[in-house]
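Undergrad: Need coordinates for the below:
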Amino acid sequence: MLARRAANGFFFALWVAVCAAAPEFLWQGLFSLFGYFSFTDAAAALLIGAILAFFVEPVLERLRSRRAKR
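TA: Residues are numbered from 1 along each chain as shown. Reported below is the predicted structural model:
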């Protein structure tokens, strides 16, 4: 029972530490990303996202619904 409580305490402390550090990692990652990110990269990412959202996903949904009817 004591070992289980110790393990629970350890994993809880680890969880809190990860949650506390995550915003700093995101913040530093954003600073790093904006140093290398250009307008062309943003436009390409938006174009790829739009293609996936408006063309590929509806086709996949239609195929899934067709398969479910069989």
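Undergrad: so where does the residue most central in space within the chain fall, helix or strand?
TA: What sits nearest the mean C-alpha location of the chain, by CA atoms, centre = their mean, is residue 26, with 11.7 Å. According to DSSP states H and E, residue 26 maps onto helix 2-36.
Undergrad: Give the next helix or strand downstream of that helix.
TA: Using DSSP H and E, the helix or strand that follows helix 2-36 in sequence is helix 39-51.
Undergrad: now the angle from that next one to helix 2-36?
TA: Comparing the axes of helix 39-51 and helix 2-36 via axes from the mean of the first three to the mean of the last three CA atoms, to 10 degrees yields an angle of 120 degrees.
Undergrad: could you point out which element follows helix 39-51?
TA: helix 57-69.
Undergrad: domain parsing for the protein?
TA: Listed by automatic domain parsing, the domain ranges of the chain are 1-37, 38-70.
Undergrad: Can you add mean pLDDT and give these back as JSON lines?
TA: JSON lines is the format used below for the domains of the chain (pLDDT from 0 to 100):
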{"stretch": "domain 1-37", "mean pLDDT": "83"}
{"stretch": "domain 38-70", "mean pLDDT": "85"}
